[in-house]
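**Student:** sequence unknown, structure follows:
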């Protein structure tokens with residue numbers, strides 16, 4: 001079965017960095033666009049970033065543009081989210097998701113989801 005497993009979350013001070021990883025199995029990874037989402041307590045899940053199948057196109061929410069970088073390694077079936085200049089408002093559970101085919105900017109339409117990894121940014 002398809003599994004997406006996130007890792008790399010943790011507690012960091014404001015201004016610090018974290019690198020999230022998502023390992024995919026049970027699917028042909030290069031057939032899927034990948035996305036990162038987050039959900040803070042009491043809020044809806046929101047789009048953070050997405051990358052197309054080849055890695056040639058990347059998309060970001062305005063709130064993270066210039067601070068976060070998404071990348072993927074199709075040989076290793078992994079997608080990463082490098083998060084720099086973290087702010088307390090970045091605190092959330094971060095999820096990766098896979099969408100068959102064309103990249104999707106936004107929450108609906110993803111086929112598979114991971115269980116998430118907690119990111120906490122202290123002020």
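**Tutor:** That came through, no problem. What you see is a predicted model; the values in this text were computed from it and never measured.
**Student:** Okay, the residue nearest to the spatial centre of the chain and residue 28: tell me how far apart.
**Tutor:** The centroid of the chain falls nearest to residue 36 when counting by C-alpha atoms, centre = their mean (2.3 Å). From residue 36 across to residue 28, the span is 20 Å (C-beta to C-beta, to the nearest Å). For glycine as for every other residue, the C-beta is placed from the backbone atoms N, C-alpha and C.
**Student:** again with residue 110
**Tutor:** 16 Å.
**Student:** same question, residue 109
**Tutor:** For residue 109, the distance to residue 28 - C-beta to C-beta - is 18 Å.
**Student:** Residue 107 now?
**Tutor:** Distance from residue 107 to residue 28, by C-beta to C-beta: 23 Å.
**Student:** what are the bridge partners for residue 36, then?
**Tutor:** Judged by DSSP bridges, the bridge partners of residue 36 are residue 49, residue 96.
**Student:** need the contact list for it.
**Tutor:** 20, 22, 48, 49, 50, 70, 79, 81, 94, 95, 96, 97 (C-beta atoms under 8 Å, 6 or more residues apart in numbering).
**Student:** for residue 25, same thing?
**Tutor:** Applying C-beta under 8 Å, 6+ apart, the residues near residue 25 are 2, 3, 5, 77.
**Student:** Show me those residues that map onto strands.
**Tutor:** 3, 5 (DSSP state E).
**Student:** Next one: the residue nearest to the centre of the chain from residue 123, what distance?
**Tutor:** Counting by C-beta to C-beta, the gap from residue 36 to residue 123 is 23 Å.
**Student:** Run a quick neighbour tally on residue 28.
**Tutor:** Residues lying near residue 28 (other C-beta atoms under 10 Å) number 11.
**Student:** List the buried residues of stretch 66-83.
**Tutor:** 68, 69, 70, 72, 74, 77, 78, 79, 80, 81, 83 (16 or more other C-beta atoms under 10 Å).
**Student:** Between its first and last residues, how far does that stretch reach?
**Tutor:** Distance across stretch 66-83, first residue to last, is 10 Å (C-alpha to C-alpha, to the nearest Å).
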